[in-house]
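No letters, just coordinates:
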Ligand code: C5P
């Protein structure tokens, strides 16, 4: 019996419309290089990761400008949604991976991922029957709005976590869970809908998703502090 391998899959086929950049946000420069290069470098340098796949959109010429990284391959099969991009990526690598290989799905737009977080996630999840994800406990007081910019209710935050990535699941189970779910924004929810409970592993605020123009400055501060 061979031990399961650890595969990184980076969905990077979005357009990043909230960012206001001329190009998709994952290709816009951040701390001296295209945002996506930070996570490609992190995974490619990780001794725990066996292969790295990046799901890109064949329409963008920015892809051609990315440098080569060891053990890393581009998959030109981006879909209409993040979920579809992940499904297409999982299908594209089906012949190369084992059904029980672990896939760490990570957003290109979270450049703050580091080796310690990858190691922690793998250590906590590798023996879990379902899988798991990085997430951070919610610290703000959470309001539910009435849909018209007025607070209707305060939601108790004790059991609330904000999901991050990587989200780590076995290849075959992940593909099947994603194919049988509609309109989900992360991998874990596909398992939750099946009544399963992915493990929550505490991540870091540094691993936040760069979404709005003002996020860039904070991401650069974190990345420069790390260099
Ligand atoms: O748009 P959002 O920030 O939620 O996207 C999260 C990640 O999913 C990004 O890395 C983005 O490039 C990717 N994505 C994708 N295919 C899409 C939409 C988003 O790979 N159709």
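In hand now; what should we look at? Keep in mind that this is a model prediction, so the values were computed, not measured.

What are the buried residues along stretch 84-104?
84-90, 92-93, 97, 101-104 (16 or more other CB atoms under 10 Å). To be clear about C-beta, it is placed using only N, CA and C from the backbone, and glycine gets the same treatment.

ok, and which of those reach the ligand?
residue 85 (CB under 6 Å from any ligand atom).

pLDDT and secondary structure added to the buried residues of stretch 84-104, as TSV?
Conversion of the buried residues of stretch 84-104 to TSV gives the following (pLDDT from 0 to 100; DSSP: H, G, I helix; E, B strand; the rest coil):
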residue	pLDDT	secondary structure
84	97	helix
85	97	helix
86	98	helix
87	98	helix
88	98	helix
89	98	helix
90	98	helix
92	98	helix
93	98	coil
97	97	coil
101	98	coil
102	98	strand
103	99	strand
104	99	strand
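
Output the buried residues of stretch 84-104 in TSV; the columns should cover distance to residue 70.
Rendered in TSV, the data for those read as follows (distance: CB to CB, whole Å):
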residue	distance to residue 70
84	28
85	23
86	23
87	26
88	24
89	19
90	22
92	20
93	17
97	18
101	19
102	20
103	19
104	17
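
need the contact list for the residue in the chain that the ligand sits nearest to.
Distances between the chain and the ligand by CB to the nearest ligand atom are smallest at residue 14, namely 2.7 Å. Residue 14 makes contacts with 24-26, 82, 85, 108-109, as judged by CB atoms under 8 Å, 6 or more residues apart in numbering.

and the gap between it and residue 31?
20 Å (CB to CB, to the nearest Å).

Report the secondary structure state of residue 38.
Per DSSP: H, G, I helix; E, B strand; the rest coil, the secondary structure class of residue 38 is helix.

For residue 130, which non-adjacent residue is spatially closest?
residue 196 (4.7 Å; CB to CB, 6 or more residues apart in numbering).

Relative to the longest strand anywhere in the chain, what are the paired strands and their orientations?
When the chain is parsed with DSSP state E, its longest strand is strand 161-170. Strand pairing for strand 161-170, using DSSP bridges, gives strand 102-105 (antiparallel), strand 131-137 (antiparallel).

before we move on, the earlier item: the residue nearest to residue 130 - that's part of a helix, no?
No. Counting by three-state DSSP, one finds residue 196 to be coil, located in no helix.

Next up, the contacts around residue 173.
Neighbours of residue 173 in contact, by CB under 8 Å, 6+ apart: 131, 191.

so which strand or helix has the closest residue to residue 70 other than its chain neighbours?
Leaving aside its chain neighbours, residue 70 sits nearest to residue 44 (5.5 Å; criterion: CB to CB, 6+ apart). Under the criterion DSSP states H and E, the helix or strand holding residue 44 is helix 35-45.
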